[in-house]
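Enquirer: Using only what follows, build the 3D model:
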Amino acid sequence: MGRVHHFLGLSVGLIQELGFDYLRENLAGSSGQLVMRWPKPFHFAIVDEVDSVLIDEGRNPLLISGEASKDAARYPVAAKVAELLIRGLLKDNSVELTEEGITLAEMALETKDLWDENDPWARVEEKRRWSEGIHQAVEAKESLQIQADSVVVAQITYQSMFKLYPKLSGMTGTAKTEMPVIEVPTNMANIRNDLPIQAFATARGKWEYVRAEVESMFRIGRPVLVGTTRY
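Expert: A predicted model of the protein is given here:
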């Protein structure tokens, strides 16, 4: 397609991580670190498979993580305290401190409140990710080198990213069934012949028909694309 663009007087380039470039520029400390055109880096966008990009995957944010400044020395101390605790009844593969366990932990850590937000020793939270300190706690328990924790320093979703373009358009072959669209008529009359749906009693019968159809198309020199499920 580059030849078409060159014929029209357009330059052609490829950027594989536009979203991450935008996030990095928002974290830049000097103008020398900028690579995009500012103050208006966005003008016009054409999104291929627009329903997939802006709906199916549009809510998944692009993330840039940085190293957190938390003190890694706290994790080995917490691991030593965990060794003092006595395992009781395990229910639903979850672990909770008893009142005696909380008292012992607070005494060992010299704190009045184990869940004090200003001095958070115990991070007990539903659906807590490994990147939020649990990974470091396991490393301390196994006497491994403790890796620095990470925090999200910049993020944006594709939906928000493409909203930055003053003019936005998209292409897809399936949007008509997923969202309200305006159907643009073809320049010439459609000569495609849509055949009725065929049903087969057995899978073997279906694939025998497919094989015969592919062979007949091959004989007359027509390419055939066969889509199958992945096993």
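Enquirer: Next, work out how far apart the residue most central in space within the chain and residue 195 are.
Expert: By Cα atoms, centre = their mean, the chain has its centre lying nearest to residue 60, at 4.5 Å. Distance from residue 60 to residue 195, counting by Cβ to Cβ, to the nearest Å: 38 Å. Placement of C-beta: from N, CA and C, glycine included.
Enquirer: Flag the shaky bits of this protein, pLDDT-wise.
Expert: Along the chain, the parts satisfying pLDDT under 70 run over 65-73, 117-132, 148-151, 179, 230-231.
Enquirer: ok so, going back, just list the residues touching the residue nearest to the centre of the chain, thanks.
Expert: By Cβ atoms under 8 Å, 6 or more residues apart in numbering, residue 60 lies in contact with 157, 158.
Enquirer: Ramachandran coordinates for it?
Expert: Backbone geometry at residue 60, expressed as degrees, to the nearest 10, gives phi -80, psi 120.
Enquirer: Just the strands from this protein, written as ranges.
Expert: Using DSSP state E, the strands of the chain run over 44-48, 61-67, 150-157, 167-171.
Enquirer: how about those in a markdown table, adding mean neighbour count and distance to residue 141?
Expert: As requested, these are exported to a markdown table (neighbours: other Cβ atoms under 10 Å; distance: least, Cβ to Cβ, whole Å):
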| stretch | mean neighbour count | distance to residue 141 |
| --- | --- | --- |
| strand 44-48 | 12 | 47 |
| strand 61-67 | 14 | 22 |
| strand 150-157 | 14 | 20 |
| strand 167-171 | 12 | 50 |
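Enquirer: Could you export those as a markdown table, including distance to residue 134?
Expert: Converted to a markdown table, the strands of the chain look like this (distance: least, Cβ to Cβ, whole Å):
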| stretch | distance to residue 134 |
| --- | --- |
| strand 44-48 | 38 |
| strand 61-67 | 16 |
| strand 150-157 | 13 |
| strand 167-171 | 40 |
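Enquirer: So which of these is nearest residue 14?
Expert: strand 44-48 (14.0 Å; Cβ to Cβ).
Enquirer: neighbouring contacts of the closest one?
Expert: Applying Cβ under 8 Å, 6+ apart, the external contacts of strand 44-48 come out as 53, 54, 162, 165, 166, 167, 168, 169, 170, 171, 172.
Enquirer: Check the residues you listed and tell me the two furthest apart.
Expert: Among the contacts of strand 44-48, 166 and 172 lie farthest apart (Cβ to Cβ), at 21.3 Å.
Enquirer: Which one's more surrounded, the two?
Expert: residue 172 (18 against 10; other Cβ atoms under 10 Å).
Enquirer: wait, isn't the more buried one in contact with residue 56?
Expert: No: look at residue 172 against residue 56 with Cβ atoms under 8 Å: they stay out of range, at 10.8 Å.
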